[in-house]
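Colleague: please find the sequence and the predicted model below.
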Amino acid sequence: MAFFLGIDVGTQGARVILVDHEGGIVDSRSKKFVINNSFREEQSPDLWWEYCYQLIDEIVLNLPDGFNRESIIAASVTSTSGTVIPLDANMNPLHNAIMYSDLRSAEQGLRIKKIACKYVSQGYTGFNASSGISKILWFQESFPEKKQDIHLWVHASDFIVGKLCGNYGTTDYTNVLKSGYDLDKLEWPDYIFDEFGFQKGWMQEVVPSGTVVGSLSCDLSERWSIPQIDVVVGITDGCSSQIASGAVNPGDWNTTIGTTLVIKGVTRNKVVDDLGRLYSHRHPEGYWMPGGASNTGADWITLDFIEQLDQLTAEAESLIPTGKVAWPLKQSGERYPILAPEAKEIVPVTENRAELFAANLEGVAFVERLAYEIIEDLSLEKLTAVYTAGGGSNSDLWLRIRSSVLNVPIYKCKEASGALGAAIMAASHTYYDSLSAAAMKMTSIEREVLPNESLVNSYELQYALFKKKLIELNYL
């Protein structure tokens with residue numbers, strides 16, 4: 001037997017799992033962050049590490065008698081894409097982590113996008129407020145007195161990797177896409193230094209996802225009574241959930257609905273979107289992983305419906321299709337599948353709280369369908385099935401709605417968490433010889449949800465109304 005630690009630092013909490021080489025979960029621990037009203041703008045990286053340390057403590061120090069600790073082989077980390085942290089020469093944060101959802105760098109994002117389009121022909125230029133590079137420029141312009149103290153810029157998962165093994169200076173293909181790295185030429189492009197005044201020493205070395213970048217520190221090895229296991233470079237949350245769902249081979253597609261909605265797939269050729277809505281990560285086996293991240297997700301459930309969730313779900317069963325046009329966008333503006341910085345939520349007229357809940361479920365499914373329509377147009381590949389992950393995949397009602405809106409089967413994996421994706425990544429080049437091999441052995445489908453013919457027909461009409469409304473509002 002071989003075992004792997006997967007660490008997931010999310011927007012609202014951290015999770016750590018210990019799994020075996022077939023994906024069986026030995027233990028899983030999670031903890032919610034104590035957050036304030038500005039948690040979408042900034043968070044403390046040291047708090048992240050404190051929670052991760054405690055969770056690994058709980059798992060490793062409470063292993064059953066007879067467990068062979070020598071069989072723990074590797075660990076890896078996943079966290080939010082576009083979240084960045086400036087470190088000083090001692091690898092301590094100069095500032096809180098600037099979160100992917102922080103909109104203060106919107107103006108910098110527009111400037112960067114304009115300049116990037118001058119220099120980049122086929123690479124990623126869809127920079128906006130959610131991009132790491134925008135936040136780096138925002139910080140530089142907002143705190144000029146701190147520029148001289150910046151030693152390194154790292155991404156969220158890199159910070160935890162650094163805490164585990166001491167290597168803060170290396171990151172992976174998925175983390176650097178929104179920080180300006182050229183995934184075609186595999187280099188940091190000159191324009192980010194020439195145009196924005198970034199220093200080359202600030203930028204990390206970039207390696208394929210799954211690369212071993214260090215060994216667990218002696219102190220932590222002694223603390224947890226485990227070997228100095230391999231530490232594998234981190235990966236972004238959307239890609240990690242995609243991996244956990246099993247969508248790692250060409251033709252596979254995944255939708256993860258957590259705080260946001262993230263769509264990822266695998267193609268043999270790079271998918272280029274001139275509007276910047278869709279972007280392509282580089283697959284460690286040479287393929288491409290196109291996808292996009294929406295500001296729409298399941299956060300509206302936590303914010304508005306969590307206290308009556310079971311009751312509302314039961315009532316909503318008999319209310320679909322609602323025929324309503326809803327869009328539960330809780331943030332200001334949308335980035336995918338449409339670029340609409342002025343977009344606001346669409347609330348249908350109803351006094352029935354359960355009907356509003358059901359209409360919101362449908363609205364997110366319509367956003368998902370619109371995203372896949374764009375993917376089909378750009379990739380010239382037809383959608384045939386969707387793997388799904390994230391908290392939103394736990395709702396049977398929502399799965400039925402989504403399958404009928406998309407009119408394709410939806411496969412829900414038995415365990416499709418970001419933490420499992422991190423564990424699979426940890427195994428991909430330490431125990432297995434590839435990501436594909438690791439995912440094949442460590443993932444399994446829990447259930448298949450097929451479209452309901454009656455709902456399919458109704459949702460065709462309702463989806464047309466949804467798109468018409470977006471056009472009327474000049475969002476689409």
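Modeller: Structure received.

Colleague: make it CA atoms for all contacts and neighbour counts henceforth
Modeller: Will do.

Colleague: pairing partners for the host helix or strand of Thr388, with directions?
Modeller: Using DSSP states H and E, Thr388 sits in strand 386-389. Its sheet considered, strand 386-389 pairs with strand 253-257 (parallel), strand 410-413 (parallel) by DSSP bridges.

Colleague: what is the rounded mean pLDDT of the first one?
Modeller: Spelled out, that is strand 253-257. In this model, strand 253-257 has a mean pLDDT of 89.

Colleague: so what touches it?
Modeller: Under the contact criterion C-alpha atoms under 8 Å, 6 or more residues apart in numbering, strand 253-257 has outside partners 238, 241-242, 245, 247, 261-266, 297-298, 385-393.

Colleague: ok, now the shortest one?
Modeller: Residues from elsewhere that reach strand 410-413 (C-alpha under 8 Å, 6+ apart): 244-246, 385-389, 393, 399, 403, 443-450.

Colleague: spit out the contact partners of Gln108.
Modeller: Shown in contact with Gln108 (C-alpha under 8 Å, 6+ apart): 128-129, 134-135, 137-138.

Colleague: what about Phe196, neighbour count?
Modeller: Per other C-alpha atoms under 10 Å, the neighbour tally for Phe196 reads 16.

Colleague: over to Cys218?
Modeller: Using other C-alpha under 10 Å, Cys218 is surrounded by 13 other residues.

Colleague: for Asp46, see how far away it is.
Modeller: Per C-alpha to C-alpha, to the nearest Å, Cys218 is found 20 Å from Asp46.

Colleague: could you do Lys178 as well?
Modeller: Noted for Lys178: a distance of 23 Å to Asp46, by C-alpha to C-alpha.

Colleague: one more: Leu378?
Modeller: 41 Å.

Colleague: same check on Ile160?
Modeller: 9 Å.

Colleague: who's more crowded, the two?
Modeller: For Ile160 and Asp46, the more surrounded residue by other C-alpha under 10 Å is Ile160, and the numbers stand at 28 against 16.

Colleague: quick one: low-confidence ranges for the chain?
Modeller: Along the chain, no part satisfies pLDDT under 70.

Colleague: tell me the domain ranges of it?
Modeller: Under the assignment automatic domain parsing, the domains of the chain span 3-236, 249-413+444-472.

Colleague: please compute how far the shortest one lies from its chain's middle.
Modeller: Centroid separation for domain 249-413+444-472 versus its chain: 15 Å, with C-alpha atoms, centre = their mean, to the nearest Å.

Colleague: please apply the same query to the longest one.
Modeller: If you compare the mean C-alpha spot of domain 3-236 with that of the full chain, they lie 12 Å apart, counting by C-alpha atoms, centre = their mean.

Colleague: got the contact list for Cys239?
Modeller: By C-alpha under 8 Å, 6+ apart, Cys239 lies in contact with 174, 264, 421.

Colleague: what do you get if the cut-off is 10 Å, keeping everything else the same?
Modeller: Going by C-alpha atoms under 10 Å, 6 or more residues apart in numbering, Cys239 touches 78-79, 81, 174-175, 245, 247-248, 254, 256, 262-265, 281, 283, 289-291, 418, 421-422.

Colleague: going through these, which ones are buried?
Modeller: For the contacts of Cys239, a neighbour count by 16 or more other C-alpha atoms under 10 Å gives the buried set as 78-79, 81, 174-175, 245, 247-248, 254, 256, 262-265, 281, 283, 289-291, 418, 421-422.

Colleague: among the residues you listed, which are in strands?
Modeller: Secondary structure from DSSP state E places 78-79, 254, 256, 262-265, 281, 289-291 of those in strands.

Colleague: out of the contacts of strand 253-257, which are buried?
Modeller: With neighbours counted using 16+ other C-alpha under 10 Å, those contain these buried positions: 238, 241-242, 245, 247, 261-266, 297-298, 385-390, 392-393.

Colleague: okay, and the common contacts of Ile160 and Asp46?
Modeller: Jointly contacting Ile160 and Asp46 under the rule C-alpha under 10 Å, 6+ apart are Cys52.

Colleague: ok, back up a step: can you list the domains of the chain in CSV and add distance to Thr430?
Modeller: Output for those, formatted as CSV (distance: least, C-alpha to C-alpha, whole Å):
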stretch, distance to Thr430
domain 3-236, 7
domain 249-413+444-472, 14
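
Colleague: quick one: closest of these to Tyr431.
Modeller: For the domains of the chain, the distance to Tyr431 is smallest for domain 3-236, at 7.9 Å, taking C-alpha to C-alpha.

Colleague: what's the first-to-last distance across the closest one?
Modeller: 22 Å.

Colleague: quick one, helices of the stretch 1-150 of the chain?
Modeller: Along the stretch 1-150 of the chain, counting by DSSP state H, counting those that start in this stretch, helices occupy 45-60, 106-119, 132-142.

Colleague: which of the ones you listed sits most buried?
Modeller: Mean neighbour counts were compared across those using mean count of other C-alpha atoms under 10 Å; the top stretch is helix 132-142, at a mean of 22.

Colleague: which elements pack onto it?
Modeller: Judged by 3 or more C-alpha pairs under 10 Å, 6 or more residues apart in numbering; DSSP states H and E, the packing partners of helix 132-142 are strand 84-87, strand 97-98, helix 106-119, strand 152-155, helix 173-176.

Colleague: scan the protein for its longest helix.
Modeller: If you go by DSSP state H, the chain has its longest helix at helix 353-379.

Colleague: got the angle for it vs strand 261-265?
Modeller: Interaxial angle of helix 353-379 relative to strand 261-265 (axes from the mean of the first three to the mean of the last three C-alpha atoms, to 10 degrees): 30 degrees.
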